[in-house]
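In: coordinates only, sequence not included:
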């Protein structure tokens with residue numbers, strides 16, 4: 001990687017670090033002082049929605065402003081329900097095994113498990129429905145697949161998708177743990193690819209929302225009904241989605257002459 005490309009990557013990484021720091025610093029130093037002053041839901045809206053995507057996003061844009069945005073080579077502009085379903089299967093078949101494997105390893109070696117609990121989710125159900133199914137899919141995709149991915153075009157399509165997926169995954173290490181890092185990296189690869197190939201942002205937004213439903217809501221609902229149902233859900237996903245993903249990816253490689261993305 002030449003110096004100019006390295007500088008672009010470091011500049012974008014620094015901008016994302018500032019964006020994430022705004023979110024974390026607000027949570028550490030400002031939000032506790034609002035305890036008892038504002039309702040809990042209002043505080044959650046401020047810390048999870050408003051502050052990161054006003055102050056944080058504004059600072060991010062100031063840092064990356066001036067980096068050229070490059071458009072991908074759109075070869076499949078049509079993207080309907082069938083394509084959405086295909087990439088939903090692929091994203092699940094790639095990401096779900098990573099999540100399961102790292103969770104198992106963490107339990108075996110006694111690593112601390114982080115992330116949202118069922119009590120948190122169902123205790124603030126309507127807030128998390130809006131956050132995980134609407135707000136985060138829209139604004140995270142705007143940030144990572146629009147503002148970040150487009151500015152990494154100097155790396156080529158493969159480089160841009162991989163680098164943007166890494167930058168998408170890293171904040172999840174701090175906020176949700178190592179398991180989420182590998183899981184979100186795989187999702188970032190799929191969403192970056194879909195964004196470049198469709199030339200649109202909405203497919204990644206829809207896939208992001210579907211991922212939150214399938215890998216966050218449904219497993220927790222299953223575990224609340226009965227622990228055995230959660231195990232069956234996991235085993236069924238692995239048994240169905242992984243083989244289907246292999247078949248779909250193999251077909252894509254053959255259709256594209258052995259290459260999925262341009263260099």
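Out: In hand now; what should we look at? Note that the structure is predicted; figures quoted are calculated from it, not measured.
In: mind checking how far residue 51 is from residue 19?
Out: 10 Å (CB to CB, to the nearest Å). In short, each C-beta sits where N, CA and C put it, glycine included.
In: Show me where the protein has its helices.
Out: 3-25, 40-45, 57-64, 81-109, 118-123, 125-130, 136-141, 149-151, 156-176, 178-198, 202-212, 218-225, 227-255 (DSSP state H).
In: Take those and write them to a markdown table, including distance to residue 70.
Out: Output for the helices of the chain, formatted as a markdown table (distance: least, CB to CB, whole Å):
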| stretch | distance to residue 70 |
| --- | --- |
| helix 3-25 | 11 |
| helix 40-45 | 35 |
| helix 57-64 | 13 |
| helix 81-109 | 23 |
| helix 118-123 | 39 |
| helix 125-130 | 33 |
| helix 136-141 | 18 |
| helix 149-151 | 6 |
| helix 156-176 | 8 |
| helix 178-198 | 10 |
| helix 202-212 | 17 |
| helix 218-225 | 37 |
| helix 227-255 | 23 |
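In: can you tell me which of those the model trusts least?
Out: Lowest mean pLDDT within the helices of the chain: helix 118-123, a mean of 82.
In: contacting residues for the spatially most central residue of the chain?
Out: Centroid check for the chain by CA atoms, centre = their mean gives residue 184 as the closest residue, at 4.9 Å. Listed by CB atoms under 8 Å, 6 or more residues apart in numbering, the contact partners of residue 184 are 95, 168-169, 172.
In: Throw the residues you listed into JSON lines and include distance to residue 248, thanks.
Out: Output for these, formatted as JSON lines (distance: CB to CB, whole Å):
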{"residue": "95", "distance to residue 248": "14"}
{"residue": "168", "distance to residue 248": "22"}
{"residue": "169", "distance to residue 248": "23"}
{"residue": "172", "distance to residue 248": "25"}
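In: gap between residue 171 and residue 51?
Out: 15 Å.
In: contacts for stretch 158-167?
Out: 9, 12-13, 16, 72, 144-145, 148-149, 152-155, 185-189, 192-193, 196, 261-263.
In: List only buried entries from those residues.
Out: The neighbour count (16 or more other CB atoms under 10 Å) marks 9, 12, 16, 72, 144-145, 148-149, 152-155, 185-189, 192-193, 196, 261 as buried among the contacts of stretch 158-167.
In: The nearest residue to residue 249 once chain neighbours are set aside: what's it in contact with?
Out: Spatial nearest neighbour of residue 249, chain neighbours left out: residue 90 (6.6 Å); criterion: CB to CB, 6 or more residues apart in numbering. Shown in contact with residue 90 (CB under 8 Å, 6+ apart): 190, 245, 248-249.
In: domain ranges for the chain?
Out: 1-67, 80-263 (automatic domain parsing).
In: most tightly surrounded among those?
Out: Greatest average neighbour count among the domains of the chain goes to domain 80-263 (a mean of 17), per mean count of other CB atoms under 10 Å.
In: Work out the gap between it and the centre of the chain.
Out: Domain 80-263 sits 6 Å away from the centroid of its parent chain (CA atoms, centre = their mean, to the nearest Å).
In: So residue 79 sits against residue 203, correct?
Out: Yes: assessed by CB atoms under 8 Å, residue 79 is found in contact with residue 203 at 5.0 Å.
In: what about the nearest residue to residue 4 once chain neighbours are set aside, distance to residue 169?
Out: Closest residue in space to residue 4, ignoring its immediate chain neighbours: residue 154 at 7.4 Å, by CB to CB, 6+ apart. Per CB to CB, residue 154 is found 21 Å from residue 169.
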